[in-house]
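**Student:** Got a sequence here, can you model it:
(chains A and B)
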2 protein chains.
Amino acid sequence: MASNQTSQPVELLLSVTRGGRMRLGAQIEDQLRCAIRKGAAKPGTRIPSTRDLARQIGVSRHVVVEAYAQLATEGYLSLRQGAPPRVSDALSVTGETHGSRPSSPPAPRFDFRPSMPDVSAFPRTAWLRAMREAITTIPDADLQYGDPAGVEALQSSLSSYLGRVRGVVADPARVVVTSGYTQSLALVCRALAARGSSRVAFEDPTDTEYPQIASRAGLEPVSVPVDDDGLQVDRLARTGAEAVVVTPAHQHPTGAVLSGERRAALLRWLREHDAVAIEDDYDAEYRYDRGAIGSLQGLEPDRVVYAGSASKTLAPALRLGWLVLPPRLLESVRQEKMRADHGSARIQQRALASFLERGDLDRHLRRMRARYRTRRDLLVDELARAIPGATVRGIAAGLHLTVELPAHYDEPTLLAEAAARRVAFNTMRDYRTDADPSPPLLMLGYGQISESSIHAGVREIAEAINAATSPRTGGARPGATTGGGAR
Amino acid sequence: MASNQTSQPVELLLSVTRGGRMRLGAQIEDQLRCAIRKGAAKPGTRIPSTRDLARQIGVSRHVVVEAYAQLATEGYLSLRQGAPPRVSDALSVTGETHGSRPSSPPAPRFDFRPSMPDVSAFPRTAWLRAMREAITTIPDADLQYGDPAGVEALQSSLSSYLGRVRGVVADPARVVVTSGYTQSLALVCRALAARGSSRVAFEDPTDTEYPQIASRAGLEPVSVPVDDDGLQVDRLARTGAEAVVVTPAHQHPTGAVLSGERRAALLRWLREHDAVAIEDDYDAEYRYDRGAIGSLQGLEPDRVVYAGSASKTLAPALRLGWLVLPPRLLESVRQEKMRADHGSARIQQRALASFLERGDLDRHLRRMRARYRTRRDLLVDELARAIPGATVRGIAAGLHLTVELPAHYDEPTLLAEAAARRVAFNTMRDYRTDADPSPPLLMLGYGQISESSIHAGVREIAEAINAATSPRTGGARPGATTGGGAR
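**Tutor:** Numbers count the residues shown, from 1 in each chain, chains lettered A, B, ... in the order given. Here you go, the predicted structure:
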């Protein structure tokens, strides 16, 4: 183990060219990435300090700092306060065979993909404390299989957290802990199918992955359009659906809020048709202009399934989600969870319970709200400056903006231009199943991009837009780095 | 430490309307009262200070002070000089009943259920160390969704562990990390169905849960009997199955080992029919008389899916399993994992990687093998003493014994007598789908029962057997505490 801990860093043969098409930082990133991938710099290897490398290749230290930060974000480097920079230990791919592993596309330089939280702020210390408590105090009996619905400590903490923050009426016994929203939706769809339901409505636009989940569970997914007041509830009755998946607090992805009238109409529809709503409360913790709107579930707990997760608030990697279920679905969803995987990892469930009980999530969210709000404001300002006439739609909430462009652009060209600049974002078309003739709506996330990169990133987007309207659009390269916002 | 004493107030979802019929203070009172009555704010929960709430909802502090005072008078809140305001501890009315939680049956006095490891020996200290390393070193990029197949660090550690201990041929890129064997089997069955397979063979006896998993994935499960040499491979060809699930190292639950001849025949069948075997290597780490038999997968890695988990070696509660896949199934299983839950919890994956790398699993298994072997020997001795003529079948391996009783007993009476004595075990009938006229085979696990309880537990079993043959069998009570061995 000590063999890697050399007192001298390895020497890296790097050089930069000034005045070329590629900025200095990007050149450093490319060469380091390549050296690590090829195995020239092995996992755990110490690399030059930012000061040394800057001196060595004759660039300002700031350029190297930024390049290292980017590579750390991508997982190539490990940077710790007070320790020398190293090639990340986690990297096991050092050039060799690994034949069948799909090679990942180059990481974007400016990552505006929506639905991704800022995991660099993941509260490692608090999570470790919670995990320590869980590992040292979990009763032996809880280390066996146990109730597939979850450990009682977490059911109970979630019950009080969701009641307090989201107005959810959640008897702990109605909580089923899952591995995130994707699994939650699959479990509920299977339970609905088992009860004899045959059709479920989804908002349009939506994450296209979700109707597919319903379909695989044996339900027929149907679409109901969304406008500025959210789901067009009056069109729900015509679909013949027995259930509907909604995002009432903050429509995903348009950012609309289900209006008061529509809420009332939706509740009426639920009662008149004895139907079920699945409330996807995916990012309600992030509202910047006022307090969040209470959950729909709180108004009709016997007909609304509440679904939440830790993916947006803490980290997707935790794979922790939860459902609060009406009595009619509780037992069948519990059975489906049993069949899927016999319940979620139980030590981690207790860690989340302890994390909630200590108020650590509240503290983390306060910090993150301030951070995201600043980024959002900055992004709105930069867009106004760089793309005159662009309109930001939706409420001040969540982790992304929906931006309407002032004129009609050719979307494939715009995407190719953005990809060539390694700027990643989504457009509304990624959330629609049908061909949509309207002009592109950009979905710009600010969860992952640092404040210092927003200015330059928006400038790149503006240039991509210009290139997509100029006569030189033939130069655009294919292979957009945009991607669906997984959850 | 005072875990609830956060330095920041908790958040409550309150809002007020100006100019309405109700004064502001009354609105606050109503909403808080309602939240407390419904159980949304639980007894003892800290609520915002008057100053914070006033700022949050935009009213003068005086209004909130008055409202809190009113609620304290009514007994909802507890206000103490110098302490943060809380929901009163004295309140017993927290809304809904906890009616729907299924009440668990009384715990057995003697727990001989098979398939359950001794979790009281779970290596908490080593696991905490691994978890600390994972939490402090996981790269930010790995806190996002990432590859649904798993984190590279774990794929790589499992690859070398399985190669070393089980002779598995496992390129890290062929490893898919899952949430345990139940999920592993479901993913593979779905991938087989997607490839056009229609029939999969299972050993008989088997966990009856498994053919159901295949069935839900759209495959037709068929049965192939097991004898003392394991699966009767010659009968496989007649089933028309395109895949087979086998436990070659230690048949579950009979304890037979697939003979050398049958292994060769199975490999021939795989090649001739271009079929797939799913090798369920559920407890191969526990062999007491000699080294474990190498995996089948090592002999035919392009036609055998290897499936393992941490449930028997560490704890079922971890919900960690893994698959090593032939190229033909790799990508589709990866896709199925994505659809199921976007991958398993990633910090925990890194913790297991670190645990394996440090040799902690090897150390733990050495300790556990010695412990289980002692218990197994003791159980065999006690059975010989208390139930003369009882025969222990199968090899010296795993976490349970298969015991053939010397005479024919009425199984329902035996189970009722055992339940009345709160002795839990399974019988072979729990693993068969068809009615089987043969005498009961007891499945006695020694994973959970302490050495000191084995003597008394076996005596109770002997008495239950006696009672099941005496003329007084009418006294037996129903409700056996036996249960299937979940995985």
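
**Student:** Which neighbouring elements make contact with the helix of greatest length in chain A?
**Tutor:** Longest helix in chain A by number of residues (criterion: DSSP state H): helix A:360-386. Judged by 3 or more CB pairs under 8 Å, 6 or more residues apart in numbering or on different chains; DSSP states H and E, helix A:360-386 is in contact with helix A:124-137, strand A:400-404, helix A:451-469. Yep, even glycine has a C-beta here, placed from its N, CA and C like the rest.

**Student:** helix/strand/coil for the closest residue to chain B within the stretch 151-300 of chain A?
**Tutor:** Closest contact between the stretch 151-300 of chain A and chain B, by CB to the nearest CB, is at residue A:163 (3.1 Å). With DSSP: H, G, I helix; E, B strand; the rest coil as the basis, residue A:163 sits in helix.

**Student:** Okay, and the closest residue to it other than its chain neighbours sits in which element?
**Tutor:** Leaving out its chain neighbours, the residue that sits closest to residue A:163 by CB to CB, 6 or more residues apart in numbering or on different chains is residue B:40, at 3.1 Å. Of the helices and strands defined by DSSP states H and E, none includes residue B:40.

**Student:** what pLDDT does residue B:40 get?
**Tutor:** At residue B:40, the pLDDT value in this model is 71.

**Student:** these two touch, right, the residue of the stretch 151-300 of chain A closest to chain B and residue B:35?
**Tutor:** Yes - if you go by CB atoms under 8 Å, residue A:163 and residue B:35 touch, sitting 7.0 Å apart.

**Student:** Common neighbours of those two, please.
**Tutor:** residue B:41 (CB atoms under 8 Å, 6 or more residues apart in numbering or on different chains).

**Student:** Look at these two and report which has more neighbours.
**Tutor:** residue A:163 (28 against 24; other CB atoms under 10 Å in any protein chain shown).

**Student:** which regions of the stretch 301-450 of chain A lie under the pLDDT threshold?
**Tutor:** A:433-438 (pLDDT under 70).

**Student:** Could you identify the helix or strand that succeeds the helix or strand where residue A:159 lies?
**Tutor:** In this structure, residue A:159 sits in helix A:152-166 according to DSSP H and E. Heading C-terminal from helix A:152-166, the first helix or strand you meet, by DSSP H and E, is strand A:175-178.

**Student:** That next one: which residues count as buried?
**Tutor:** Within strand A:175-178, the residues that count as buried by 16 or more other CB atoms under 10 Å in any protein chain shown are A:175-178.

**Student:** tell me what that strand is packed against?
**Tutor:** Against strand A:175-178 (3+ CB pairs under 8 Å, 6+ apart) you get helix A:152-166, helix A:181-194, strand A:321-324, helix A:327-341.

**Student:** okay, residue A:483: pLDDT?
**Tutor:** 38.

**Student:** tell me the most buried of the helices and strands packed on helix A:360-386?
**Tutor:** strand A:400-404 (a mean of 22; mean count of other CB atoms under 10 Å in any protein chain shown).

**Student:** how about that strand against chain B, any contact?
**Tutor:** No - using CB under 8 Å from any CB of the partner chain, we find that strand A:400-404 stays clear of chain B, coming within 15.1 Å at best.

**Student:** where's that strand relative to the chain centroid, distance-wise?
**Tutor:** A distance of 16 Å separates the C-alpha centroid of strand A:400-404 from that of its chain, computed with CA atoms, centre = their mean, to the nearest Å.

**Student:** helices and strands around the helix or strand just after that strand, which ones?
**Tutor:** Sequence-wise, the next helix or strand downstream of strand A:400-404 (DSSP H and E) is helix A:411-420. For helix A:411-420, the packing partners by 3+ CB pairs under 8 Å, 6+ apart come out as strand A:426-427, helix A:451-469.

**Student:** number of nearby residues for residue A:264?
**Tutor:** Residue A:264 - counted by other CB under 10 Å - has 12 other residues nearby.

**Student:** circling back to that earlier point, now the helix holding residue A:159 against helix A:124-137, angle please.
**Tutor:** 140 degrees (axes from the mean of the first three to the mean of the last three CA atoms, to 10 degrees).

**Student:** returning to that earlier point: could you point out which of the helices and strands packed on helix A:411-420 sits nearest residue B:264?
**Tutor:** strand A:426-427 (54.1 Å; CB to CB).
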